[in-house]
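Peer 1: pasting the sequence and the predicted model now:
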Amino acid sequence: MEARFQIFLILLAVLAGAALLARRINVAPAILLLLTGVVLAFVPGMPSLELPPELVLLVVLPPLIYSASVAMSWREFKHNLRPIILLSVGCVIFTACAVAAATHYLIGLPWNVGFLLGAIVAPPDVVAPLAIARKLGMPRRILVVLEGEGLANDATALILYRFAVVAISTGMFSLPKAAGTFVAIVAGEALFGAAVGWLSLRVRHRARDPQVEITLSLITPYIAYWIPEHFGGSGVIATVACGLYMSWNGPLLISSATRLQGIFFWDLIIYLIEGLLFLLTGFQMRSLFEQSKAFPLADILSATALVAAIVIVARFAWVYPATYLPRLWNRRLRARDPMPSWRTVFVIAFTGVRGAVSLAAALALPFVLPDGESFPYRDLILFVSFGVIFITLVGLGLGLPPVVRWLGVADAGRAESIAEHESEIAARREALGAALKSLDAITDDRDLSDEVVRLLRARHETRANQLPDSLNPDAHDVSAAGTDLTRELIAAERKFIHVLLRDGKITDEVRRRIERDLDLEEASLANREYRRIPL
């Protein structure tokens with residue numbers, strides 16, 4: 001037990017070091033963590049670290065999906081539902097079929113085994129490419145479509161995966177029955193997930209205790225995921241629906257104290273889960289290398305290269321027709337949503353990185369069939385799945401920044417960012433104006449002292465003065481100078497409080513309360529700080 005805990009501490013240290021190095025060399029942390037895991041796996045004396053598939057599918061996946069769903073805007077998700085469904089359902093099925101056909105005719109795998117392999121490697125990951133895309137400042141719609149696809153495509157792939165495993169185990173498959181089951185799972189899970197979100201919000205609202213509410217928020221994704229998964233569903237759609245419901249309805253029912261503490265809690269949890277997941281994925285290379293000795297190395301490498309090429313090409317072959325053909329056929333759609341630039345479509349097609357869910361699905365394959373025979377091609381599927389993850393994550397992940405710069409897609413994102421910041425400033429001013437009108441009405445209705453009214457009006461004037469008039473360089477410089485000076489004043493106040501504590505004039509409890517106010521004010525400065533955007 002002590003040795004395992006020591007290994008866990010070592011992994012945390014490696015995670016922190018890799019994250020710092022990734023920031024310094026400007027590489028996505030997921031890529032560096034995967035490579036670090038591969039290197040550490042072959043270090044002499046390093047114990048073998050297995051990645052239990054149930055750990056990913058039942059323990060790790062629910063909070064990842066739920067957190068991303070809560071962060072997703074329901075309005076934007078609904079507005080982009082058509083491209084999200086085309087990618088998360090259509091592209092996954094198309095890719096799985098393409099892999100099945102290619103491996104059957106070129107390698108000789110049975111159709112059911114090829115389809116199983118296709119279902120495993122079909123869904124792109126959402127973590128690594130989105131981290132890169134956000135850093136590159138790509139247009140908002142690209143980010144929304146990619147994030148929405150990443151939330152929903154795991155459900156499609158896991159459902160196809162279960163159909164394929166059943167077909168291999170029993171030798172029976174009915175397309176009409178499978179299609180009906182697929183529709184029933186999607187509809188049932190969407191309703192169930194929304195119901196779990198509704199119930200969770202009501203219970204948390206009644207609790208009125210940040211610690212209890214955050215604990216309930218941690219339980220929520222597991223309830224949404226485990227129950228449908230137990231009855232033969234995927235659990236993913238229910239978790240996504242639950243998260244989207246919470247995102248849309250939660251702001252008015254969740255207290256500010258819970259929201260502030262919950263943000264920090266969930267940020268840390270997701271950071272640790274994602275980092276350790278990619279690190280442990282790299283560690284699997286050692287056991288996969290040992291298992292691969294049962295196959296000729298040339299066969300493994302050729303199969304891996306073939307499947308990796310197919311999943312990359314299949315995404316391009318699907319994305320372009322799925323983007324342009326509906327607009328060519330439907331005039332109303334074309335008027336409502338004009339033809340996007342081929343550069344935008346290319347970026348979406350290029351962002352086809354596979355992740356740990358594919359590896360977890362491969363690891364979850366049974367060792368034997370119900371009749372006692374070994375599961376066909378299990379080791380080959382494992383090695384090919386890891387190879388596709390490695391090739392797409394490292395190759396496409398490292399290639400995405402130069403591709404985006406070459407296509408100039410970030411220029412549109414920069415213009416969107418300027419407009420978004422301008423609208424934010426306007427919204428803040430309008431909200432302050434609405435609050436000031438409310439203060440006038442309250443002053444007329446209640447008998448308030450002049451001192452209280454002056455204090456409240458001064459608060460509004462101070463907050464209004466902290467907002468720049470616009471994002472032009474002169475206004476930005478004034479706002480930035482005021483923010484920097486405010487930070488210096490907060491630092492001076494914090495040092496003086498420490499002197500009072502050291503001299504015994506205040507207690508530690510008093511110091512902590514004052515420091516909390518200073519921390520919140522400093523965090524507020526960072527939240528409303530407007531970075532200069534190149535015009």
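Peer 2: Cool, got the structure.
Peer 1: tell me the contacts of residue 170?
Peer 2: Taking CB atoms under 8 Å, 6 or more residues apart in numbering, we find residue 170 in contact with residue 370. Where C-beta positions appear, they are placed from N, C-alpha and C, glycine not excepted.
Peer 1: swap that for residue 211, sorry
Peer 2: By CB under 8 Å, 6+ apart, the residues touching residue 211 are residue 261.
Peer 1: where do the strands sit along the chain?
Peer 2: Using DSSP state E, no strands are found in the chain.
Peer 1: shaky segments in it?
Peer 2: 1-3, 173, 292-295, 466, 468-482, 527-535 (pLDDT under 70).
Peer 1: measure the closest residue to residue 280 other than its chain neighbours to residue 325 for me?
Peer 2: In this structure, residue 280 finds its nearest non-sequential neighbour in residue 51, 4.8 Å apart by CB to CB, 6 or more residues apart in numbering. Note on residue 51: its distance to residue 325, by CB to CB, to the nearest Å, is 40 Å.
Peer 1: those two: which is more packed in?
Peer 2: residue 51 (21 against 10; other CB atoms under 10 Å).
Peer 1: list the contacts for the more buried one?
Peer 2: 280, 281, 283, 284, 356, 359, 360, 363.
Peer 1: let's see which of the residues you listed end up in helices.
Peer 2: 280, 281, 283, 284, 356, 359, 360, 363 (DSSP state H).
Peer 1: buried among those residues? Make that a ChimeraX selection.
Peer 2: To isolate the buried members of those in ChimeraX, using 16 or more other CB atoms under 10 Å:
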select :280,281,283,284,356,359,360,363
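Peer 1: now the ones in helices among the contacts of residue 51 as TSV including distance to residue 316?
Peer 2: As requested, the ones in helices among the contacts of residue 51 are exported to TSV (distance: CB to CB, whole Å):
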residue	distance to residue 316
280	31
281	25
283	32
284	28
356	24
359	24
360	26
363	29
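Peer 1: hmm, which two among the ones in helices among the contacts of residue 51 are most spread apart?
Peer 2: Among the ones in helices among the contacts of residue 51, the pair separated by the greatest distance (CB to CB) is 283 and 360, at 13.5 Å.
Peer 1: my read: residue 412 touches residue 139, true?
Peer 2: Yes. The criterion here is CB atoms under 8 Å, and residue 412 meets it with residue 139 at 4.8 Å.
Peer 1: ok so, going back, let me know the closest of the ones in helices among the contacts of residue 51 to residue 87.
Peer 2: Comparing these against residue 87 with CB to CB places residue 356 closest, at 19.5 Å.
Peer 1: that older thread, what do residue 412 and residue 139 both touch?
Peer 2: residue 344.
Peer 1: higher neighbour count, these two?
Peer 2: Set residue 412 next to residue 139 and count neighbours by other CB under 10 Å: residue 139 wins out with 22 against 18.
Peer 1: now for that one: which residues touch it?
Peer 2: Counted by CB under 8 Å, 6+ apart, residue 139 has contacts 344, 409, 412, 413, 416.
Peer 1: which of these sits closest to residue 165?
Peer 2: For the contacts of residue 139, the nearest to residue 165 is residue 344 (36.8 Å; CB to CB).
Peer 1: please list all residues in contact with the closest one.
Peer 2: Contacts for residue 344 (CB under 8 Å, 6+ apart) come out as 139, 142, 409, 412.
Peer 1: okay, stretch 348-362 in CSV with CA atoms only?
Peer 2: C-alpha atoms of stretch 348-362 as CSV (Å, rounded to 0.1, in the frame of the first residue of the first chain):
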residue,chain,number,x,y,z
ILE,A,348,-12.4,20.6,-38.0
ALA,A,349,-11.5,17.7,-40.2
PHE,A,350,-7.8,17.9,-39.1
THR,A,351,-8.8,17.8,-35.4
GLY,A,352,-9.3,14.1,-35.2
VAL,A,353,-7.2,13.2,-32.2
ARG,A,354,-8.0,9.9,-30.4
GLY,A,355,-7.7,9.6,-26.6
ALA,A,356,-7.9,7.4,-23.6
VAL,A,357,-11.5,6.3,-24.1
SER,A,358,-10.5,4.3,-27.1
LEU,A,359,-7.8,2.6,-25.1
ALA,A,360,-10.1,1.9,-22.3
ALA,A,361,-12.7,0.3,-24.6
ALA,A,362,-9.9,-1.9,-26.1
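Peer 1: how far out from the middle of the chain is it?
Peer 2: Here stretch 348-362 is found 13 Å from its chain centre; the criterion is CA atoms, centre = their mean, to the nearest Å.
Peer 1: and stretch 230-238, by the same measure?
Peer 2: With CA atoms, centre = their mean, you get 19 Å for stretch 230-238.
Peer 1: residue contacts, the residue nearest to residue 15 when sequence neighbours are not counted?
Peer 2: Using CB to CB, 6+ apart and skipping residues adjacent in sequence, the residue nearest residue 15 is residue 275, 4.3 Å away. Contact partners of residue 275, counting by CB under 8 Å, 6+ apart, are 15, 18, 19, 29, 33.
Peer 1: could you rerun that using 10 Å?
Peer 2: By CB atoms under 10 Å, 6 or more residues apart in numbering, the residues touching residue 275 are 11, 12, 14, 15, 16, 18, 19, 29, 30, 33, 127.
Peer 1: could you report the neighbour count for the fourth one?
Peer 2: Spelled out, that is residue 15. The burial count for residue 15: 20, using other CB under 10 Å.
Peer 1: hmm, residue 268 and it touching each other?
Peer 2: No. Using CB atoms under 10 Å, residue 15 is not in contact with residue 268, being 11.9 Å away.
Peer 1: rewinding a little: so which of the contacts of residue 275 is the most crowded?
Peer 2: residue 30 (28 neighbours).
Peer 1: residue 354 is in contact with that one, correct?
Peer 2: No. Between residue 30 and residue 354 there is no contact under CB under 10 Å: 11.4 Å.
Peer 1: what is in contact with the two at once?
Peer 2: Joint contacts of residue 30 and residue 354 (CB under 10 Å, 6+ apart) are 125, 128, 393.
Peer 1: closest to residue 498 among the residues you listed?
Peer 2: Of these, the one sitting nearest to residue 498 (CB to CB) turns out to be residue 128, at 41.5 Å.
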